[in-house]
Each structure stands twice: as C-alpha cells, then as structure tokens.
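Engineer: Sequence and computational prediction follow.
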Amino acid sequence: MRHIHIIGIGTGNPEHLTVQAINAMNSADVVFIPTKGATKADLAELRREICERYLTRKGVRIVEFEVPKRAVQDRTYVQSVDDWHAAIARIYEGLVGDLPETGAGAFLVWGDPSLYDSTIRIIERVRNASTCAFDYDVIPGITSIQALAASHRIPVNLVGKPVEITTGRRLLEEGLTHASTVIMLDGEQAFSKIDDPEAEIFWGAYLGTKDEIIRSGRLGDIADDIIQLRADERRRHGWIMDIYLLRKGQDFDD
C-alpha cells in the first residue's frame with residue numbers, strides 16, 4: 001500500500017528538523033515541494049535547502065507542484081476555504097496516484113501539521129475519495145508559537161492561567177478575553193484595534209529565518225511601530241508570515 005508522510009519542518013530554520021523528520025524524508029521515494037509563485041519563492045527554496053542538506057538516500061526524487069490561489073470573490077470565508085481545499089485535494093490525488101503501489105511520498109509542512117495547517121484535512125479528503133489506497137502518518141514540527149516564545153525568551157502562559165490560540169478575525173469579533181492569547185493569520189493587524197491599557201504584545205515575523213524580526217512592549221506604545229515595520233518588510237520581501245502573543249496580568253495574580 002502507498003504511504004504518505006506529513007512532515008512538520010519548523011518555521012524557517014533547517015535545524016528545526018527532528019531526527020524523526022529526517023528519517024521519514026529518507027524513507028520516501030518522492031518528496032513533494034509546493035510552490036506559491038514568485039513572491040513566495042523563499043518558502044520553496046527553504047524546502048529545497050532542507051532536501052539538499054538532509055536527503056542522504058540515493059534515488060529520492062523531488063517533485064514540485066503549484067498551489068492554486070484561494071478564490072474569495074462572491075464566497076464566504078468558509079466557502080472559499082472549502083473550494084480551495086477541494087482544488088488542492090485534486091492535485092494531491094494526482095501526486096499520490098503517481099506513486100508506485102508500495103511507494104512512499106512526503107509532504108513538507110511549514111511549522112507543525114496540526115496547528116493552522118490543512119494538509120491533514122486535505123489528505124483525508126483524498127483518502128475518502130477512494131481513488132487509490134494509501135495510509136499516512138504525521139511527524140510533528142516546531143511551531144511558530146514555540147519559535148516566538150523562544151526568540152522573546154518568555155513562557156507562553158502565565159502561572160495557573162489558560163492560553164488561547166486564535167486568528168485575527170476572531171480577535172476582532174470577540175476581543176481580548178484571556179490572560180495569554182496567541183494570534184495567527186492576522187492580515188488585518190487586529191492588535192491595533194485592541195484598546196486595553198494592560199495588554200502587552202510579543203510580535204515576530206519570519207521566525208527561524210535569517211530575516212527574523214521581533215518586537216515587544218506595551219501594546220498601546222508600539223502597535224503603530226509594528227504596523228509600519230510590517231508594511232515595510234512585506235514590501236521588501238513580497239510576503240510576510242507573522243504571529244504574536246497578547247498578554248495581560250502577571251504570574252501569580254489571583
């Protein structure tokens with residue numbers, strides 16, 4: 001039976017790869033590398049660098065495929081994502097179907113496959129379609145949350161208090177409701193619309209790469225600076241991947 005490895009590769013530093021991930025890559029017949037156009041060429045190049053550094057078994061092939069863009073016009077957010085996943089699933093179906101009946105393939109996933117990534121969901125779509133039989137496993141990777149906390153040298157949680165992981169869209173809808181809130185997928189800079197004099201922000205972009213940038217401080221003091229820095233860096237690179245932690249309160253507060 002065909003087998004697929006879904007491998008978390010961390011946030012941009014090739015040294016994020018675990019021994020388990022390296023072994024899984026070298027057990028594959030094919031490593032699949034997604035490309036997302038010229039503006040995000042760095043993301044594909046990092047995957048190529050990982051393959052060059054860690055693939056030691058002869059005969060492992062590299063197959064690149066283009067990821068379709070998500071169509072948003074005349075669709076709700078959920079509809080646009082569902083249609084996008086369906087389009088990617090059709091591509092995955094062809095990639096998996098081209099494997100030998102006992103072959104193995106590997107998808108290299110930015111960060112960790114379980115956290116705000118849909119590779120697992122899409123692979124399940126392909127498997128449920130039953131066009132070709134295969135199984136799969138998931139190799140965890142260093143998340144952007146871990147990389148952010150390490151770069152700022154902070155714990156994510158306050159003692160005895162919960163942590164929320166959400167999106168910028170949800171933050172705007174629900175506000176800052178937890179002592180520690182990690183925000184991902186925030187293209188609208190929702191942090192700039194939070195009016196809370198107690199809130200601190202720990203922000204980072206391009207975590208794990210040579211271009212990593214971090215900023216921290218009282219949200220009201222540095223929000224405008226982060227917005228400007230984010231815009232400057234996006235123009236410079238053509239893309240940006242950032243994440244931040246909003247925190248209020250102190251350890252051992254009641």
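Structural biologist: Received, thanks.
Engineer: how does this protein divide up, domain by domain?
Structural biologist: Partitioning the chain according to automatic domain parsing yields domains covering residues 2-139, 144-247.
Engineer: Present these as JSON lines; the columns should include distance to residue 253 and mean neighbour count.
Structural biologist: (C-beta placed from N, C-alpha, C; glycine too.) Output for the domains of the chain, formatted as JSON lines (distance: least, Cβ to Cβ, whole Å; neighbours: other Cβ atoms under 10 Å):
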{"stretch": "domain 2-139", "distance to residue 253": "28", "mean neighbour count": "16"}
{"stretch": "domain 144-247", "distance to residue 253": "7", "mean neighbour count": "17"}
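Engineer: where among the ones you listed is the average confidence lowest?
Structural biologist: Mean pLDDT values for the domains of the chain show the minimum at domain 2-139, a mean of 91.
Engineer: start to end distance for that one?
Structural biologist: Between the opening and closing residues of domain 2-139 lies a distance of 17 Å (Cα to Cα, to the nearest Å).
Engineer: Next: stretch 171-182.
Structural biologist: According to Cα to Cα, stretch 171-182 extends 10 Å from its N-terminal end residue to its C-terminal end residue.
Engineer: Which residues does that stretch contact?
Structural biologist: 145, 148, 156-158, 161-166, 183, 186, 188, 190-191, 193-194, 196, 199, 243-249 (Cβ atoms under 8 Å, 6 or more residues apart in numbering).
Engineer: And the helices in the stretch 1-150 of the chain?
Structural biologist: Under the criterion DSSP state H, counting those that start in this stretch, the stretch 1-150 of the chain carries helices at the ranges 19-27, 41-54, 77-97, 119-129, 144-152.
Engineer: is it true that residue 158 touches residue 249?
Structural biologist: Yes. Contact status for residue 158 versus residue 249: in contact at 5.9 Å, counting by Cβ atoms under 8 Å.
Engineer: Residue 193: what's it in contact with?
Structural biologist: Remark: with contacts taken as Cβ under 8 Å, 6+ apart, residue 193 is in contact with residue 172.
Engineer: what about residue 60, distance to residue 180?
Structural biologist: Applying Cβ to Cβ, to the nearest Å, the value for residue 60 to residue 180 is 41 Å.
Engineer: just residue 132 next, same as before
Structural biologist: For residue 132, the distance to residue 180 equals 44 Å [Cβ to Cβ].
Engineer: same question, residue 161
Structural biologist: 7 Å.
Engineer: Equivalent analysis for residue 218, please.
Structural biologist: Residue 218 is 16 Å from residue 180, where distance means Cβ to Cβ.
Engineer: gap between the two ends of stretch 25-34?
Structural biologist: Between the opening and closing residues of stretch 25-34 we find a distance of 15 Å, counting by Cα to Cα.
Engineer: thought residue 50 was touching residue 108?
Structural biologist: Yes. Here residue 50 lies in contact with residue 108, judged by Cβ under 8 Å, at a distance of 6.7 Å.
Engineer: Need the overlap of contacts for these two.
Structural biologist: 9, 25.
Engineer: mind listing the strands for the stretch 151-254 of the chain?
Structural biologist: With strands called from DSSP state E, counting those that start in this stretch, the stretch 151-254 of the chain shows them at 163-167, 180-184, 200-205, 213-218, 242-247.
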